[in-house]
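1. Generate a structure from the sequence data that follows.
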Amino acid sequence: FDTLSCAGNAVVKTPNLDRLAHEGVRFSHACVTTAICGVSRASMLTGQWMSRHGNQAMDAFKTPWAETFPGLLRDNGYFVGHVGKWHNGKFPADKYDFGIAYSGTHWMKQKDGTQIHVTAKNEQDAFSFLQQRPTDKPFCLTVAFFATHAEDENPKQFLPQPESMTLYEGVTVPIPKTATDEAFRKLPPFIANEKNESRVRWHWRFDTPKKFQEMMKNYYRLASEVDATCGRLLEELKKQGVLDNTLVIFTGDNGYFHAEHGLADKWYPHEESIRVPLIIRDPRMPKSAIGATNDDFALNVDVAPTILKAARIKAPATMQGSDLSSLYLTPGAHTWRKEFLYEHAQHRSKDFIPASEALVRKDWKYFFWPDFGLEQIFQVSVDPFEENDLAGDSAQVERLAEMRKRMAELKVQAK
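-> Numbers count the residues shown, from 1 in each chain. Below is the predicted model of the structure:
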């Protein structure tokens, strides 16, 4: 969520996304309801929590296609495209007017035997869509970047394009406050062990100061490449004369541990894992909202209803998210969420990636680890790095009971 210079990152350079934020609104507390790529993307498509759409393991979701935002847009006359990462079972090419899905590697072999970087291919395919689309129809394009995701099977993990390698030379990337063995040992024992997948991937990326610097600089290089592509796509929209009649949303499908708590990747309910970037540039936005930062909880399930509202298409009753435009078109006119349910299924085994749930608020957060029956609570307003578990504090007995009960209510509503 903070791999943007406009979000306060002093190292990474993201001038195009910074400009997008300056021309729109940046949500500083955007979060996902499940911190893993495919499941989170299913929530974006359906506007539903995992409990309802049913994709627990980056497989196909059970929601009818006619109740997804691309399905509804196409049924209402939109020319609809998707390029890049899918991760929701077999890609439904027949459901799109223009659809190409790929991910997993940073360098891809082309038909002529040459290689192309995945971000360059994202850009190439997006330009093909924009330049070939019928000009007499409204359109919707999802550019699903694979970067900055790691290439898990490659020891280098993050593989930028050669021309980016001079970026961030001579810079020292700050080490997170909780990137310590002491912070790691504060985690529950089923996380704080060398078999847990987050710890395994920490060894891949961050277990020496030299490796940390190399990995983070390459990660930032990938981010700057995505930023550059976003800039060129926005420029193409401007060139075509449609930028000021186009809703643009930039977001991510999950957060990332950059060695915080001695971990890597995502999955768990910690802030670094569940928070994502979210910027919206909306032509309907009043001048008073342009360039603003909003700190309400904006969720991945809100993407679909926001898009449908802008297209004047009624969202189906099965969608559980809310239209984000109400926060900047008519601020203060609506009651907005002050909390939300986080859920993540077990993957492979409880030793590999255990299941986790949370009730997330701005001031307090309740964790529940179903595989182990463990509860934790953190006062994030004074403990933003979530290091001091207060579940055993006798002064918090009533709070623990209240949060436990409230999360049970939200779990019922999510189904």
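2. from what I can see residue 249 touches residue 279, true?
-> Yes: the criterion here is C-beta atoms under 8 Å, and residue 249 meets it with residue 279 at 7.4 Å. The C-beta positions use only the backbone N, C-alpha and C, and glycine is treated the same way.
3. what about those two, which has more around it?
-> For residue 249 versus residue 279, neighbours defined as other C-beta atoms under 10 Å are more numerous around residue 279 (24 against 19).
4. what is the more buried one paired to in the beta sheet?
-> For residue 279, the residues forming beta bridges with it (DSSP bridges) are residue 26, residue 250.
5. where's it relative to residue 198, distance?
-> Going from residue 279 to residue 198 by C-beta to C-beta, to the nearest Å gives 28 Å.
6. Would you mind writing the CA trace of stretch 134-151 as CSV?
-> What follows is stretch 134-151, C-alpha atoms only, in CSV (Å, rounded to 0.1, in the frame of the first residue of the first chain):
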residue,chain,number,x,y,z
PRO,A,134,-15.0,0.0,-31.8
THR,A,135,-15.4,3.7,-31.2
ASP,A,136,-19.2,3.6,-31.2
LYS,A,137,-19.4,1.5,-28.0
PRO,A,138,-18.5,2.2,-24.4
PHE,A,139,-15.6,0.1,-23.2
CYS,A,140,-14.1,-1.5,-20.1
LEU,A,141,-10.5,-2.8,-19.9
THR,A,142,-8.8,-4.6,-17.0
VAL,A,143,-5.0,-4.5,-17.2
ALA,A,144,-4.1,-7.1,-14.7
PHE,A,145,-0.3,-6.6,-14.1
PHE,A,146,1.7,-9.6,-12.8
ALA,A,147,4.5,-7.4,-11.5
THR,A,148,5.3,-6.6,-8.8
HIS,A,149,4.5,-10.1,-7.8
ALA,A,150,7.6,-12.3,-7.3
GLU,A,151,8.5,-15.0,-9.7
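7. Any buried residues in it, and which?
-> Neighbour-count burial for stretch 134-151, counted by 16 or more other C-beta atoms under 10 Å, picks out 138-151.
8. now, which of those sits nearest residue 315?
-> Closest approach between those and residue 315, by C-beta to C-beta: residue 140, at 14.8 Å.
9. Would you map the strands across the stretch 201-350 of the chain?
-> Assignment of strands within the stretch 201-350 of the chain using DSSP state E, counting those that start in this stretch yields the ranges 248-251, 257-258, 264-265, 278-281, 292-299, 339-344.
10. Relative to residue 214, which of the ones you listed is closest?
-> Closest to residue 214 of those is strand 257-258 (C-beta to C-beta; 12.9 Å).
11. in its sheet, what does the closest one sit against?
-> Sheet pairing for strand 257-258, assigned by DSSP bridges, gives strand 264-265 (antiparallel).
12. average pLDDT for the strand it pairs with?
-> When pLDDT is averaged along strand 264-265, the result is 98.
13. Residues in contact with it: which ones?
-> Among residues not part of strand 264-265, those counted as contacts by C-beta atoms under 8 Å, 6 or more residues apart in numbering are 150, 197, 198, 199, 201, 202, 204, 205, 206, 256, 257, 258.
14. and if you look at stretch 90-101?
-> Under the criterion C-beta under 8 Å, 6+ apart, external residues in contact with stretch 90-101 comprise 60, 65, 70-71, 74, 79-86, 125, 128-129, 132-133, 141, 144.
15. swap the cut-off to 6 Å and go again
-> The set of residues external to stretch 90-101 that reach it, using C-beta atoms under 6 Å, 6 or more residues apart in numbering, is 65, 79, 80, 81, 82, 83, 86, 125, 129.
16. That stretch: which residues count as buried?
-> For stretch 90-101, a neighbour-count test (16+ other C-beta under 10 Å) marks 91, 92, 96, 97, 98, 99, 100, 101 as buried.
17. and if you look at stretch 106-113?
-> Within stretch 106-113, the residues that count as buried by 16+ other C-beta under 10 Å are 106, 108.
18. same check, this time on stretch 184-195
-> Of the residues in stretch 184-195, those buried (16+ other C-beta under 10 Å) are 184, 186, 187, 188, 191, 192.
19. Could you look up the SS state of the last one?
-> Spelled out, that is residue 192. Three-state secondary structure (criterion: DSSP: H, G, I helix; E, B strand; the rest coil) places residue 192 in coil.
20. Backbone dihedrals for it, both of them.
-> In terms of degrees, to the nearest 10, the main-chain angles of residue 192 are phi -80, psi 60.
21. next one: the fourth one
-> As for residue 188, its main-chain torsions (degrees, to the nearest 10) stand at phi -60, psi 150.
22. Brilliant, that's me finished.
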